[in-house]
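Trainee: Output the structure for:
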Amino acid sequence: MSPLSDSVVAALRSAGCVFAEDEAELILSTARTPDEVTTMVDRRVSGLPLEHVLGWAGFHGLRIFVEPGVFVPRRRTEFLVDQAVARARGASLVVDLCCGSGAVGAALAAALGGPELHAADIDPAAVRCARRNVAPFGGHVHQGDLFEALPDTLRGRVDVLTANVPYVPTREVGLLPPEARDHEPLVALDGGADGLDVLRRVTAEAPRWLAPGGCLLVETSERQAPTAVEAFAHGGLTATLAVSDELYANVVIGTRSRAA
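Mentor: Next up, the predicted model:
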């Protein structure tokens, strides 16, 4: 390693970064000047998430633009994308609710060969990032609260609906790592008393937006999964649970009847 690389690794390690060498490599490959390296290291040492320091996050083979204050896409959510792709061959209309940076929508558009894509989020900063990330796929991003943000012309036509809803119970938000708790929007984390408030709202209205045979996919926790499956069924969807032990990911998939 070069002296600069050595100093970056040392600074990151002293700040408690477990993967200091990997983070140093990413910072050094992203920064354009030594001064920018110093600035990025200082921001990371101060506790800013690495993705906010870099300005991007790797997700499902894509480089997703993120800015400070925007929810960082998690690797486990790639499992949700994989589950959606497996059920969506030939899909012509995809909607990504609670889109954050637009990572899920962009990944689906890339994997499915360019379906019509709409995404929505209530947070203006997230909408700004999402527009940048879905632009290469001709995607449309809307600001607003869940389905209220979407054009009414999409009702009954959506083949794949993903909603990476907040699902941390309110009382547990304070237990999250500081990178999430201090630097990501509360609206993207806090799912209410049991963590499922937003999920219930989505499942209650989703059948009116899905095409016959269309599916809704939502990430949740292992502990919440049985209650989440019940919420899907209560909304009139046929629900199944997909689990990745490797990624600690749980995705509930609800399908609207083709006869509906």
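Trainee: what sits against Val127?
Mentor: 121, 141-143 (C-beta atoms under 8 Å, 6 or more residues apart in numbering). Heads up, the C-betas are built off the backbone N, CA and C, glycines and all.
Trainee: who's the nearest residue to it once chain neighbours are set aside bridged to?
Mentor: What sits nearest to Val127 in space, not counting adjacent residues and going by C-beta to C-beta, 6 or more residues apart in numbering, is Gln143, at 4.6 Å. Here Gln143 sits in beta bridges with Asp121, as judged by DSSP bridges.
Trainee: Pull the contacting residues for Gln143.
Mentor: 120-122, 124, 127, 149.
Trainee: Show me which of the contacts of Val127 is closest to Glu67.
Mentor: Proximity of the contacts of Val127 to Glu67 (C-beta to C-beta) peaks at Asp121, which lies at 13.5 Å.
Trainee: Number of residues surrounding the closest one?
Mentor: 31 (other C-beta atoms under 10 Å).
Trainee: That one touches Gly100, doesn't it?
Mentor: Yes - contact criterion C-beta atoms under 8 Å: Asp121 and Gly100 qualify, at 6.2 Å.
Trainee: Next up, the contacts around the residue lying closest to Glu205 once chain neighbours are set aside.
Mentor: Distances taken as C-beta to C-beta, 6+ apart place Phe147 nearest to Glu205, at 5.3 Å, with adjacent residues excluded. Counting by C-beta under 8 Å, 6+ apart, Phe147 makes contact with 97, 120, 205, 209.
Trainee: Could you pull up the residues touching the last one?
Mentor: This means Trp209. 95, 147, 150, 154-158, 161.
Trainee: That one and Gly114: what is the separation?
Mentor: Distance from Trp209 to Gly114, counting by C-beta to C-beta, to the nearest Å: 21 Å.
Trainee: What of Trp56?
Mentor: 22 Å.
Trainee: and what of Leu186?
Mentor: Distance of Leu186 to Gly114, computed by C-beta to C-beta: 34 Å.
Trainee: just Arg200 next, same as before
Mentor: From Arg200 to Gly114 the distance is 32 Å (C-beta to C-beta).
Trainee: For these two, work out which one has more neighbours and name it.
Mentor: Taking other C-beta under 10 Å, Arg200 and Gly114 do not tie; Arg200 has more neighbours (20 against 13).
Trainee: Just give me the neighbour total for the spatially closest residue to Val45 that is not a sequence neighbour.
Mentor: Ranked by C-beta to C-beta, 6+ apart and with sequence neighbours excluded, the top spatial neighbour of Val45 is Ala15, at 4.3 Å. Under the neighbour criterion other C-beta under 10 Å, Ala15 is assigned a count of 14.
Trainee: got a pLDDT number for Ala15?
Mentor: For Ala15, the pLDDT comes out at 80.
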